[in-house]
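>>> take this sequence and fold it.
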Amino acid sequence: MENIDRISSGINGIDKLLYGGFIKNSVNSIVGSSGTGKTTFALAYLQQGLIAGDDVLYLSFEEEPRKLISEGKSLGINLEEHHQNISEVIHLVESEKIVEFMTEILPALAKKLKTQQVKHTRIVLDPLTPILWEFTTEKEQRRVLTKVYNYLSSLGTVLQTVEEPNAFGQTDIGASETRVPIYLSDTVIHIQNLGLGGKYNRTCKVVKSRKTAHLEGIYPLRFNYGTGIEIETGTGHETSFNVYLEERKQEVLEKLRLWSKSSDKKQRTIAEIGIDLIKKPNKKNQETTYEIIKLLADSGMVQEVKR
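Alright, predicted model coming up:
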């Protein structure tokens, strides 16, 4: 494999998935719906930069610096232990200033830092979503983000979080809201809350990684005090996941069979659809098939159908 200069992500397991970490001076996206751990990922990345002696810059487009610092502490990520004035490197960009910041202030800041010959900077954009809202067409988004990424990647390695839309527990990584940043990113990591419970409640998958190979598959993700997040990359995880998925399908199947005998016509119809999906699974994407089945068998969904 080609010798590529990399930096550690700060997340246990991610470096293994990426064969050594993020490529230096690349743009990397953490994509997930609300509550999946995107900001925790970003804080752990920032902490690793402080430990490694990098310059760091955290641009928040939603949260106050003190709130982010407090959130990190709750998971054992104590940024203040590694920097005397951590609030000086975490900045809140208010919504009314986003366009000015992205088109004028940020390019000027990048130029200034470059003239100061800063060796390497870890840069966080968390979340990128409010920026996308300011530039509504994909053409505008691509134009602005291409320039911003060129500025920032010349200074160091970028980590951005991207909110993906979800409804009824479903996620859509290819939605219009995420399409442009995903396309322009060098690495895309998708984190999900599947709602399965237990070990596989949250998962992580490397969707793409330019210039280098990466491990395939879906891996368990859990919150871990001290490092924030940990990805379990032990052998046999895929087999275990398939076994677990099959067990849950059998549980749903039992419920659907009971529904098939219900006096409620809508329940019988849902049971028929669910049973058919179980008997004819989508082998290419079993977890998506299961999510559909789980939704069909959910009492809340039945009420939604009735309405």
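>>> quick one: contacts of stretch 130-145?
Residues from elsewhere that reach stretch 130-145, judged by C-beta atoms under 8 Å, 6 or more residues apart in numbering: 61-62, 95, 98-99, 102-103, 125, 176-177, 179-181, 183-184. For the C-beta atoms, the positions are set from N, CA and C on the backbone; glycine is no exception.
>>> repeat the analysis, applying 7 Å as the threshold.
Stretch 130-145 is touched from outside by Phe61, Glu62, Ser95, Ile98, Val99, Met102, Thr103, Glu177, Arg179, Val180, Pro181, Leu184, with contacts defined as C-beta atoms under 7 Å, 6 or more residues apart in numbering.
>>> now the residues you listed as TSV including pLDDT?
As requested, the contacts of stretch 130-145 are exported to TSV (pLDDT from 0 to 100):
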residue	pLDDT
Phe61	93
Glu62	92
Ser95	86
Ile98	89
Val99	88
Met102	82
Thr103	83
Glu177	76
Arg179	90
Val180	94
Pro181	94
Leu184	96
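>>> which members of those are positioned in strands?
In strands, judged by DSSP state E, none of the contacts of stretch 130-145 are found.
>>> mind putting those residues in a markdown table, neighbour count and distance to Ile7 included?
Below are the contacts of stretch 130-145 laid out as a markdown table (neighbours: other C-beta atoms under 10 Å; distance: C-beta to C-beta, whole Å):
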| residue | neighbour count | distance to Ile7 |
| --- | --- | --- |
| Phe61 | 23 | 23 |
| Glu62 | 16 | 25 |
| Ser95 | 12 | 31 |
| Ile98 | 16 | 27 |
| Val99 | 13 | 30 |
| Met102 | 22 | 24 |
| Thr103 | 14 | 28 |
| Glu177 | 16 | 28 |
| Arg179 | 15 | 27 |
| Val180 | 23 | 25 |
| Pro181 | 24 | 20 |
| Leu184 | 16 | 20 |
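>>> return the member of the residues you listed nearest to Gly20.
For these, the residue nearest Gly20 by C-beta to C-beta is Leu184; the value is 22.5 Å.
>>> skipping adjacent residues, who's closest to the closest one in space?
Excluding the flanking residues, the one nearest Leu184 by C-beta to C-beta, 6 or more residues apart in numbering is Leu145, at 5.6 Å.
>>> got the buried residues for the helix or strand where the one you found lies?
Using DSSP states H and E, the secondary-structure element containing Leu145 is helix 138-155. For helix 138-155, the neighbour count (16 or more other C-beta atoms under 10 Å) marks Gln141, Arg142, Val144, Leu145, Val148, Tyr149, Tyr151, Leu152, Ser153, Leu155 as buried.
>>> domain map for the chain?
Domain assignment for the chain by automatic domain parsing gives 6-234, 238-306.
>>> deepest in the core, which of these is it.
Comparing the domains of the chain by mean neighbour count (mean count of other C-beta atoms under 10 Å), domain 6-234 comes out on top with a mean of 18.
>>> and it, how far apart are its ends?
Distance across domain 6-234, first residue to last, is 22 Å (C-alpha to C-alpha, to the nearest Å).
>>> now stretch 93-107
Using C-alpha to C-alpha, the end-to-end distance of stretch 93-107 comes to 15 Å.
>>> pLDDT weak spots in the protein?
For the chain, the stretches with pLDDT under 70 are 1-3, 117-118, 166-172, 174, 195-200, 235-248, 280-307.
>>> all strands of it, in order?
6-7, 22-23, 27-32, 55-60, 90-92, 121-126, 156-163, 166-167, 170-171, 187-193, 202-209, 219-224, 228-231.
>>> who are the neighbours of the first one, in terms of helices and strands?
Helices and strands touching strand 6-7, by 3 or more C-beta pairs under 7 Å, 6 or more residues apart in numbering; DSSP states H and E, are strand 22-23.
>>> partner strands of the strand it packs on, with direction?
Strand pairing for strand 22-23, determined by DSSP bridges: strand 6-7 (antiparallel).
>>> sorry, back to before: tell me the one among the buried residues of helix 138-155 nearest to Gln267.
Gln141 (43.6 Å).
>>> who does the spatially closest residue to Pro181 that is not a sequence neighbour bridge with?
Counting by C-beta to C-beta, 6+ apart, Pro181 lies nearest to Val162, which is 5.3 Å off, once chain neighbours are set aside. Bridge pairing for Val162 (DSSP bridges) gives the partners Val31.
>>> so who does Val162 touch?
So Val162 contacts Ser29, Val31, Pro127, Leu128, Thr129, Thr178, Pro181 (C-beta under 7 Å, 6+ apart).
>>> which one of the residues you listed is nearest Gly234?
Comparing the contacts of Val162 against Gly234 with C-beta to C-beta places Val31 closest, at 24.1 Å.
>>> distance check, the closest one against Gln141.
Distance of Val31 to Gln141, computed by C-beta to C-beta, to the nearest Å: 15 Å.
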